[in-house]
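Colleague: sequence? don't have it. structure:
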């Protein structure tokens, strides 16, 4: 069973190889890439194509590695103790399994997504080294050891906000999702919107790639922005001609709110458009 | 059989270890890449290159190690072309070489042969640079030199913009990016910078506040009353401005170490680059190009006075570059560097200048004294003790 491009998700050959390597050797796959190039979606697609259940663990700046394993809710136990609840005598009632625990004890093999690992503290990946390597951990409160029944496929995404430690990287396969080139982008668009009029798609891609070429944009629009924008264009039933920037006319594409996500970029664009008009 | 490949990777500076090598072997045995050079390339890349900044180097090493086999698509051809437009070189030579010299080149085997040798020479030069030597520009080993094609002609060249473009073209490949991390001695720097930390409780209340809990529980006649408090975090904000290029070439290592240490130490660290003296624009990447330019005004607007400003530069320049309008060596600056320095220091109340030159030599150049004056004496040597003094002064 191997991973291939699906109807909805276009994977390049190098991505397929990386995913298959990670699945075959049962090691984590670290995925990086510009925001909006489909890192998180990849995990969903891998799970779907392998026919496995996906367990998502979204990382925030306050997330600690321990939370992925389990948490001991001492505070509820203390409260229950005061109220005289009978539950208080069994510590198991206050051990809350985390995402990795759930994945380890699952009767069928699963896919685990650790999303945006770089959001957490700098020590976070180090704290998970052993658990991801051996797929086992110890619960100190109850004295039991949890071992994975089936080693899950672990997909980790990172936005490069922090450097990941070497020891962690050594245990992973790595894939950098490059920004899709034009033919790939065309395939992605076709996969998502098979009914899109071809003239509109062509013009929209033209505008999109031109927009990405504008120097100095703070956030270049990526695949997800393009897909949102196309959806809007289709909903508005925009004619393809509306996208064609005629000589000396405004360079701002219609419904640009879906593509440009901050006011500085919009402002920059308006200024460029103004200059264009003046030159004409 | 892959040992030479692994060696080539390590030569290129990829941190490849036995673990990765064994993983690759394992994956090969498991049949992930079945006798297909392209799949093998993808597999090796996923196994051995663990960061996107290594991808290009990986491609180079791969191409080198498996020469003769089908080259991987990404590794082929992109080595020289984007950096060295051929017509441009040809034109440059025609411009700077006299008829006699051109005849000599003919004797050497013609322009194309020369270009080939030059190409080879460039590849070698890059290898040496990564071995730890200076890059081409400062070391003064012009690739043209070895073939007698008048290196002075290229260097002194009357057409300034052409010359500067030449420098940029080499730099594109050779400039060591300050953004990459350096392991050397940054630990001690980190410890020194640690003094700048200022803790503040921010964000959601996630920690048990023991004193308040005890107090409120007592007040509640012994029935438990929990009080939570937000976690302590390092709240210090640092704006780092780094001088780049020119006379700073000698100090690149210290600056890189400082940058690396600061990046690991502060959550709110913003850095920009300038050349010699900050003027009306700064650069967001050390390749100072038009597309990553940022008006200094905007930096002043974006980052509040609570940021601590640290400028890193040797402050070695002609005094005019500070005091006069139009003094910049690169462009026409409408307002003098002094005006911009004053704007920066008056906006950021906590500001300091770190100078990589030893303190004893500061008196040799007038410009150092001038900057010292504009910084109101807050110039410190870029040494451990200098940074320690600086952090103490920045905090108080």
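Modeller: Structure's in. What do you need? Keep in mind that what you see is a predicted model, and the values were worked out from it rather than measured.

Colleague: What residue in chain B comes nearest to chain A?
Modeller: Nearest to chain A, among the residues of chain B, is residue B:291, at 3.4 Å (C-beta to the nearest C-beta). C-beta: built from backbone N, CA, C; applies to glycine.

Colleague: wait, doesn't that residue sit right on residue A:214?
Modeller: No. With contact defined as C-beta atoms under 8 Å, residue B:291 does not reach residue A:214; the gap is 9.2 Å.

Colleague: higher neighbour count, the two?
Modeller: The neighbour comparison of residue B:291 against residue A:214 (other C-beta atoms under 10 Å in any protein chain shown) goes to residue A:214, with 15 against 12.

Colleague: which residues touch that one?
Modeller: A:268, A:269, A:272 (C-beta atoms under 8 Å, 6 or more residues apart in numbering or on different chains).

Colleague: Is stretch A:169-181 in proximity to chain B?
Modeller: Yes. Using C-beta under 8 Å from any C-beta of the partner chain, we find that stretch A:169-181 touches chain B at A:169, A:170, A:171, A:172, A:173, A:174, A:175, A:176.

Colleague: for the strand or helix carrying the first one, what is the average pLDDT?
Modeller: Secondary-structure element containing residue A:169, defined by DSSP states H and E: helix A:166-170. Helix A:166-170 carries an average pLDDT of 86.

Colleague: Run through who's touching that helix.
Modeller: Here helix A:166-170 makes contact (C-beta under 8 Å, 6+ apart) with A:30, A:125, A:126, A:128, A:129, B:15, B:17, B:19, B:20, B:50, B:51.

Colleague: Which helix or strand contains the third one?
Modeller: To tie it back to what came earlier, the one meant is residue A:126. For residue A:126, the host element (DSSP H and E) is helix A:124-127.

Colleague: Could I get the average pLDDT for that helix?
Modeller: Mean predicted lDDT for helix A:124-127 stands at 86.

Colleague: Flag the shaky bits of chain B, pLDDT-wise.
Modeller: B:1, B:68-192, B:194-203, B:245-246, B:286-290, B:396 (pLDDT under 70).

Colleague: Give me the domain ranges for it.
Modeller: Domain segmentation of chain B under automatic domain parsing yields B:3-65, B:86-174, B:201-233, B:236-395.

Colleague: Give the buried residues for the shortest one.
Modeller: If you call a residue buried by 16 or more other C-beta atoms under 10 Å in any protein chain shown, then domain B:201-233 has these buried ones: B:209, B:213, B:217, B:227, B:233.

Colleague: give me the number of residues near residue B:278?
Modeller: 21.

Colleague: now the one 4 residues further on
Modeller: Applying other C-beta under 10 Å, we find 22 residues neighbouring residue B:282.

Colleague: what sits against it?
Modeller: B:241, B:272, B:273, B:274, B:293, B:294, B:295, B:296, B:299.

Colleague: Excluding chain neighbours, what is closest to the last one?
Modeller: Of all residues beyond its chain neighbours, the one nearest residue B:299 is residue B:282 (6.0 Å), with distances taken as C-beta to C-beta, 6 or more residues apart in numbering or on different chains.

Colleague: What of residue B:341?
Modeller: residue B:374 (4.6 Å).

Colleague: so who does that neighbour touch?
Modeller: By C-beta under 8 Å, 6+ apart, the contact list for residue B:374 reads B:322, B:338, B:341, B:342, B:345.

Colleague: Pretty sure the last one sits against residue B:311.
Modeller: No. Counting by C-beta under 8 Å, residue B:311 is not a contact partner of residue B:345; they are 9.4 Å apart.

Colleague: what residues are shared contacts of those two?
Modeller: Residues touching both residue B:345 and residue B:311 comprise B:351, B:375, with contact defined as C-beta under 8 Å, 6+ apart.

Colleague: who's more crowded, the two?
Modeller: A direct count of neighbours by other C-beta under 10 Å for residue B:345 and residue B:311 places residue B:311 higher, at 26 against 19.

Colleague: which other helices and strands contact the strand or helix carrying that one?
Modeller: Secondary structure from DSSP H and E places residue B:311 in strand B:308-312. Packing contacts for strand B:308-312, counted by 3 or more C-beta pairs under 8 Å, 6 or more residues apart in numbering or on different chains; DSSP states H and E, involve strand B:237-243, helix B:252-265, helix B:337-347, strand B:351-355, helix B:384-395.

Colleague: that older thread, can you add distance to residue A:54 and give the domains of chain B back as JSON lines?
Modeller: Converted to JSON lines, the domains of chain B look like this (distance: least, C-beta to C-beta, whole Å):
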{"stretch": "domain B:3-65", "distance to residue A:54": "21"}
{"stretch": "domain B:86-174", "distance to residue A:54": "42"}
{"stretch": "domain B:201-233", "distance to residue A:54": "27"}
{"stretch": "domain B:236-395", "distance to residue A:54": "31"}
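
Colleague: buried sites along stretch A:179-193?
Modeller: Using 16+ other C-beta under 10 Å as the test for burial, stretch A:179-193 gives A:180, A:185, A:186, A:188, A:189, A:192, A:193.

Colleague: out of those, who's nearest chain B?
Modeller: When the buried residues of stretch A:179-193 are compared for distance to chain B (C-beta to the nearest C-beta), residue A:180 wins out at 14.2 Å.

Colleague: Validate this expectation: that closest one resides in a helix.
Modeller: No. Counting by DSSP: H, G, I helix; E, B strand; the rest coil, residue A:180 is not found in a helix; it is coil.

Colleague: Would you quantify the distance from it to residue A:15?
Modeller: Here residue A:180 is placed at a distance of 11 Å from residue A:15 (C-beta to C-beta, to the nearest Å).

Colleague: With residue A:101 instead?
Modeller: On the measure of C-beta to C-beta, residue A:101 and residue A:15 end up 29 Å apart.

Colleague: Those two - which one has more neighbours?
Modeller: Neighbours per residue (other C-beta under 10 Å) separate residue A:101 from residue A:15, with residue A:15 holding more: 25 against 20.

Colleague: ok, that one - contacts?
Modeller: Neighbouring residues of residue A:15 by C-beta under 8 Å, 6+ apart: A:42, A:175, A:177.

Colleague: and of these, the nearest to residue B:379?
Modeller: residue A:177 (45.0 Å; C-beta to C-beta).

Colleague: May I see the contacts of residue B:374 arranged in JSON lines, with distance to residue B:258 as well?
Modeller: Output for the contacts of residue B:374, formatted as JSON lines (distance: C-beta to C-beta, whole Å):
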{"residue": "B:322", "distance to residue B:258": "23"}
{"residue": "B:338", "distance to residue B:258": "25"}
{"residue": "B:341", "distance to residue B:258": "20"}
{"residue": "B:342", "distance to residue B:258": "24"}
{"residue": "B:345", "distance to residue B:258": "20"}
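
Colleague: Quick one: which of these is the most crowded by neighbours?
Modeller: residue B:322 (24 neighbours).

Colleague: rewinding a little: of the contacts of helix A:166-170, which qualify as buried by neighbour count?
Modeller: Buried among the contacts of helix A:166-170 by 16+ other C-beta under 10 Å: A:30, A:125, A:128, B:20, B:50, B:51.

Colleague: can you pull the contacts of the last one?
Modeller: Residues in contact with residue B:51 (C-beta under 8 Å, 6+ apart) are A:32, A:169, A:174.

Colleague: quick one: secondary structure of the residue of the stretch 151-280 of chain A found nearest chain B?
Modeller: Of all residues in the stretch 151-280 of chain A, residue A:215 sits closest to chain B, at 3.4 Å by C-beta to the nearest C-beta. Following three-state DSSP, residue A:215 is assigned to coil.

Colleague: Which parts of the stretch 51-200 of chain A are strands?
Modeller: Taking DSSP state E, counting those that start in this stretch to define them, one finds strands in the stretch 51-200 of chain A at A:53-58, A:70-72, A:95-97, A:110-115, A:136-139, A:144-147, A:153-158, A:173-177.

Colleague: tell me what the last one is packed against?
Modeller: Strand A:173-177 sits against helix A:13-25, strand A:29-33, helix B:37-48, with contacts defined as 3+ C-beta pairs under 8 Å, 6+ apart.

Colleague: Turn the ones you listed into TSV, including distance to residue B:378.
Modeller: Converted to TSV, these look like this (distance: least, C-beta to C-beta, whole Å):
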stretch	distance to residue B:378
helix A:13-25	50
strand A:29-33	39
helix B:37-48	46
